[in-house]
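Novice: sharing a sequence plus its predicted fold:
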Amino acid sequence: MSVNVNVNDEKIINNNESLTTLNERALKEKKIVYSHFKRLIDIVGSLIGIVLLLPTATIVFIARFILKEDDGPMMYEQLRVGKDGKYFRIYKFRTMVVGADKILNEYLENNEEAKKEFEANHKLKNDPRITKIGNILRKTSIDELPQFINVLKGDMSLVGPRPLVDGEIELHNGNPDLYESVKPGITGYWACNGRSELTYEERLKLEYYYIENMSLILDIKCVLKTISAVVSRKGAK
């Protein structure tokens, strides 16, 4: 009797192991299909974005000249941390004055409240570095358009967590391994659920939610909600 029980138990264990293996294999295959499909959408989306970028760059160039804010380059480059902790150069329309870092340091030294705000959120509501045209570019999110180049290159995705500067995630007690396990995105779950209205901690929670629940449906929702947020300027910087 005991022998039969042991044999049945073995069969149950083997069946459970087989089901687990099949589920793991199916999940892995699903992730691979999603990854390839996501990349295909990124390529198509970035090509469309670059087509929009060309006339926009011309308009920005003319506006900078008219407003006499054409000191320095029109485009801004900065090293950011990407997938697997690899660094890449992110591209944006420049929205700040030349010598912005020096101006920021002087401003924070003389303004304790602003210093606390910057340390907590890594941004300022009344940022003295931002130009007139830069303010418009940020509120309309046009400053992000050059990042379609990053998407085409494969450094970024259309949807993903915000690309961070070196050491930023550790500064706010985040999880670098999890955060850097996926490509950063032009938009993300935080961007379509509050944007600049959120605290840094709230934003991180949304970023991790996306990373742990990535799917084509979630990506589509993020894109549609981001378009709605940009048009309504809800949560704009």
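Specialist: Received the coordinates, thanks. Because the structure is predicted, anything quoted here is derived from the model rather than measured.
Novice: and the strands in this protein?
Specialist: Applying DSSP state E to the chain gives strands spanning 75-81, 87-93, 157-159, 185-187.
Novice: now those as JSON lines including mean pLDDT, mean neighbour count and distance to residue 48?
Specialist: No exception for glycine: its C-beta is placed from N, CA and C like everyone else's. Listed next are these as JSON lines, based on pLDDT from 0 to 100; neighbours: other C-beta atoms under 10 Å; distance: least, C-beta to C-beta, whole Å:
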{"stretch": "strand 75-81", "mean pLDDT": "94", "mean neighbour count": "15", "distance to residue 48": "20"}
{"stretch": "strand 87-93", "mean pLDDT": "97", "mean neighbour count": "18", "distance to residue 48": "17"}
{"stretch": "strand 157-159", "mean pLDDT": "97", "mean neighbour count": "26", "distance to residue 48": "10"}
{"stretch": "strand 185-187", "mean pLDDT": "96", "mean neighbour count": "26", "distance to residue 48": "12"}
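Novice: I'd like those strands as JSON lines, with distance to residue 130 appended.
Specialist: Formatted as JSON lines, the strands of the chain follow (distance: least, C-beta to C-beta, whole Å):
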{"stretch": "strand 75-81", "distance to residue 130": "12"}
{"stretch": "strand 87-93", "distance to residue 130": "12"}
{"stretch": "strand 157-159", "distance to residue 130": "26"}
{"stretch": "strand 185-187", "distance to residue 130": "20"}
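Novice: how about those, which one is nearest residue 209?
Specialist: Nearest to residue 209 among the strands of the chain is strand 157-159 (12.9 Å), distances taken as C-beta to C-beta.
Novice: the closest one - which strands sit beside it in the sheet, and in what orientation?
Specialist: strand 185-187 (parallel) (DSSP bridges).
Novice: ok, and what's touching the strand it pairs with?
Specialist: Residues from elsewhere that reach strand 185-187 (C-beta atoms under 8 Å, 6 or more residues apart in numbering): 144, 147-148, 150-151, 156-163, 222-223, 226.
Novice: what about that strand, distance to the chain center?
Specialist: Distance, stretch centre to chain centre, for strand 185-187: 4 Å (C-alpha atoms, centre = their mean, to the nearest Å).
Novice: what does stretch 122-135 give?
Specialist: With C-alpha atoms, centre = their mean, you get 20 Å for stretch 122-135.
Novice: how about stretch 201-211?
Specialist: The answer for stretch 201-211 is 11 Å, by C-alpha atoms, centre = their mean.
Novice: what about it, average pLDDT?
Specialist: Stretch 201-211 shows a mean pLDDT of 91.
Novice: got the contact list for that stretch?
Specialist: By C-beta under 8 Å, 6+ apart, the list of residues contacting stretch 201-211 reads 159-162, 172, 174-175, 178-179, 181-182, 188-190, 193-194, 198, 218, 222.
Novice: just the buried residues from those residues, in ChimeraX please.
Specialist: With 16 or more other C-beta atoms under 10 Å as the burial test, the buried ones among those are selected in ChimeraX as follows:
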select :159,160,161,162,172,174,179,182,188,189,190,193,194,198,222
